[in-house]
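Colleague: The following comprises the amino acid sequence and a computationally predicted model.
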Amino acid sequence: KNQVEQSPQSLIILEGKNCTLQCNYTVSPFSNLRWYKQDTGRGPVSLTIMTFSENTKSNGRYTATLDADTKQSSLHITASQLSDSASYICVVSATDYKLSFGAGTTVTVRA
Amino acid sequence: NAGVTQTPKFQVLKTGQSMTLQCAQDMNHEYMSWYRQDPGMGLRLIHYSVGAGITDQGEVPNGYNVSRSTTEDFPLRLLSAAPSQTSVYFCASTRGQVGSGNTIYFGEGSWLTVV
């Protein structure tokens, strides 16, 4: 069964600090991996999309990496801001176009 | 350009009642889908549509019906609400095939409580 595991489940960081979120997947055959940001009470919003051939992609202070060999991805947040407080969801697509969603990592940024 | 619009935002139902969650998109996307989000779990696909007149079941379709009479609209119907259907529901749309690398746009969610 295709699975997406995210860690940690939640984390708290101080404003201005960096953090890294992890995503491990067993989806096969792999097509692409996405990271979404979901603010409390809102719908998910796309941050990055990476295909098999891409190993890093940035969107402002967000940088995603992908290691397709080990089936791992990370999302790095640089110089965190209060507005980064949200849930971050890893979504992996198989070549049959089915999506597998992780349960998300909840990030809390404190002043 | 409003993107994906869902209504209502909040709804409380009694067990056995029926209702329809509305979803509309103004981006002329072929693919639309409904997900439910429960605590500690990833989003799960309920039903999806690859174009007007075409719908199919997802991972958790029981208790829900959909139709796609136009490209823009994709309503989700709860036939006889049960407490297990208490959840947050998200409608999503994308151009072409989901999983193809195109951005998936989500609505703002509908919070449903069945008592």
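Modeller: Looks like it arrived, so ask away. Numbers count the residues shown, from 1 in each chain, chains lettered A, B, ... in the order given.
Colleague: For the residue nearest to B:G53 when sequence neighbours are not counted, grab the count of nearby residues.
Modeller: Once flanking residues are discounted, B:G53 sits nearest to B:R68: 6.2 Å by Cβ to Cβ, 6 or more residues apart in numbering or on different chains. For the C-beta atoms, the positions are set from N, CA and C on the backbone; glycine is no exception. For B:R68, the count of nearby residues is 19 (other Cβ atoms under 10 Å in any protein chain shown).
Colleague: Equivalent analysis for A:L11, please.
Modeller: 14.
Colleague: How about A:S10?
Modeller: A:S10 has 11 nearby residues by other Cβ under 10 Å.
Colleague: For the spatially closest residue to it that is not a sequence neighbour, give me the pLDDT.
Modeller: In this structure, A:S10 finds its nearest non-sequential neighbour in A:T106, 4.1 Å apart by Cβ to Cβ, 6+ apart. Listed pLDDT for A:T106 reads 97.
Colleague: Skipping adjacent residues, who's closest to B:C23 in space?
Modeller: B:C91 (3.5 Å).
Colleague: Which of the three states applies to the one you found?
Modeller: strand (DSSP: H, G, I helix; E, B strand; the rest coil).
Colleague: Tell me where the model's unsure across the chain.
Modeller: Assuming you mean chain A. A:1-2, A:96-97 (pLDDT under 70).
Colleague: Chain B, not that one
Modeller: For chain B, the ranges with pLDDT under 70 are B:1, B:99.
Colleague: Run through the helices of it in chain order.
Modeller: Along chain B, counting by DSSP state H, no stretch forms helices.
Colleague: hey, what's the residue nearest the centre of it bridged with?
Modeller: Centroid-nearest residue in chain B, with Cα atoms, centre = their mean: B:W34, separated by 2.6 Å. On the basis of DSSP bridges, B:W34 is bridged to B:H47, B:C91.
Colleague: ok, now how distant is it from B:L43?
Modeller: For B:W34, the distance to B:L43 equals 10 Å [Cβ to Cβ, to the nearest Å].
Colleague: What of B:G96?
Modeller: Taking Cβ to Cβ, one finds B:G96 at 20 Å from B:L43.
Colleague: Mind checking which of those two has more residues around it?
Modeller: Legend: neighbour count by other Cβ under 10 Å for B:G96 and B:L43, higher for B:L43 (28 against 13).
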